[in-house]
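K.L.:
Structure of the sequence below:
(one chain, ligands or ions: 2)
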Amino acid sequence: MSPIIRAGYVAIVGRPNVGKSTLVNNLVGTRLAAVSPKPQTSRYRILAVLHGDDFQVGLLDTPGRPAEPRIDALSRRMLRETRQALEIADLAVLVSAPRTPGDVEETLLDEIRAQDIPAIVAVNKLDTVRKGSLLPVIEAYNNLYDEFRDIVPISARTGDGLDSLLQRIIANLPEQEPLFDPSTLTDRSETFLISELIREGVFAVYGDEVPYATAVEVEKHVPQDPEHGDKDFIEASVYVERSSQRGIVVGKGGQALKDVGVRVRPLIEELLGRPVMLSLWARTRPRWRRDDRFLRMLEE
Ligand SMILES: Nc1nc2c(ncn2[C@@H]2O[C@H](COP(=O)(O)OP(=O)(O)OP(=O)(O)O)[C@@H](O)[C@H]2O)c(=O)[nH]1
Ligand SMILES: [Mg+2]
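P.N.:
Ligands and ions are numbered 1, 2, ... in the order given. This next block holds a predicted model:
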């Protein structure tokens, strides 16, 4: 018979750019979710499982909830990812910047309440503020909802407070048989994780507008092909909506796309544990943000 442990799914929700993906990556100690200084980096729900002797925490990273979502298939899917994470979850962690809650937090709180699950607030980016300035933030969250199980200040970047957050998460999970195989780290395929690392590179290299017009598809992954010098061969496309954007993605003499490759290849090698040859192509695909079939295909 399996032992009874603390086990469950934890939806990590919050507005864009508050550090949800950084937190998830830091808790599991692996770069699974794309991170960037630009809002709305995450587009998918990603499971990351943290295993301990007497617990299993299934963290669900989610896309940030914008104040005013765009109206297209991609934005609709992003909202749905958060909703589904809350439906699956045994516990919600509402991640916040070190600021008092606003409309977005209230909306998310309504959705958490509708699922009738306990919630913890993680006030992130502790490293960017003076300690004293957190008190009014904590008080405002307390006033917003007096049933928060905890309000924990953290810095996902420095790791400050993550141990106590994890303890509070575990303590609020149901006692049950293990949910995951001990070897499970994520529910996402290697191909998907590679495409997300490339997307992270795209968010890092290009200016404000272009990343939102891009999608990444890994088209070919040939593991350890001797023809290519005993390296995995990976070919991927960076899609944009307009040909003018394609020019920006390629850059002068192909330099911008090369920069993405240089940045991303070591991260893919770290993920796979093998040397990689990466070939990136920029392609135009008009209105891909509205193309549900294309979006579904990217998730596989
Ligand atoms: N100073 C500081 N920066 C942080 C911290 N946590 C995250 N960041 C930065 O905040 C930015 C956003 O981080 P993400 O993890 O991508 O945020 P997110 O909430 O997943 O964003 P979306 O996916 O767009 O919703 C990145 O530049 C991170 O490096 C922190 O504790 N302190
Ligand atoms: Mg994210």
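
K.L.:
and the chain, what are its domains?
P.N.:
Annotated domains of the chain cover 5-176, 190-298 [automatic domain parsing].

K.L.:
Quick check: which of these is buried the most?
P.N.:
Mean neighbours per residue, mean count of other Cβ atoms under 10 Å, is largest over the domains of the chain for domain 5-176, with a mean of 19. (C-beta placed from N, C-alpha, C; glycine too.)

K.L.:
Between the two ends of that domain, how far is it?
P.N.:
Domain 5-176 has an end-to-end distance of 5 Å (criterion: Cα to Cα, to the nearest Å).

K.L.:
which residues does the residue of the stretch 1-150 of the chain found nearest ligand 1 contact?
P.N.:
Nearest residue of the stretch 1-150 of the chain to ligand 1 (Cβ to the nearest ligand atom) works out as residue 64 at 2.3 Å. Residue 64 makes contacts with 14, 15, 16, 17, 18, 20, 39, 40, 41, 42, as judged by Cβ atoms under 8 Å, 6 or more residues apart in numbering.

K.L.:
quick one: which helix or strand includes it?
P.N.:
Take DSSP states H and E as the rule and residue 64 turns out to sit in neither a helix nor a strand.

K.L.:
wait, isn't residue 185 in contact with residue 29?
P.N.:
No. Look at residue 185 against residue 29 with Cβ atoms under 8 Å: they stay out of range, at 9.9 Å.

K.L.:
Which of the helices or strands spans residue 194?
P.N.:
Counting by DSSP H and E, residue 194 is part of helix 190-205.

K.L.:
do residue 293 as well
P.N.:
Going by DSSP H and E, residue 293 is part of helix 292-298.

K.L.:
So what touches that helix?
P.N.:
Residues contacting helix 292-298 (Cβ under 8 Å, 6+ apart): 73, 74, 77, 195, 215, 216, 217, 285, 288.

K.L.:
Sort out for me which of those residues are in helices.
P.N.:
73, 74, 77, 195 (DSSP state H).

K.L.:
show me which of the contacts of residue 64 neighbour ligand 2.
P.N.:
20, 41, 42 (Cβ under 5 Å from the ion).

K.L.:
quick one: which of those is nearest residue 127?
P.N.:
Among the ones next to ligand 2 among the contacts of residue 64, residue 20 lies closest to residue 127 (Cβ to Cβ), at 16.5 Å.
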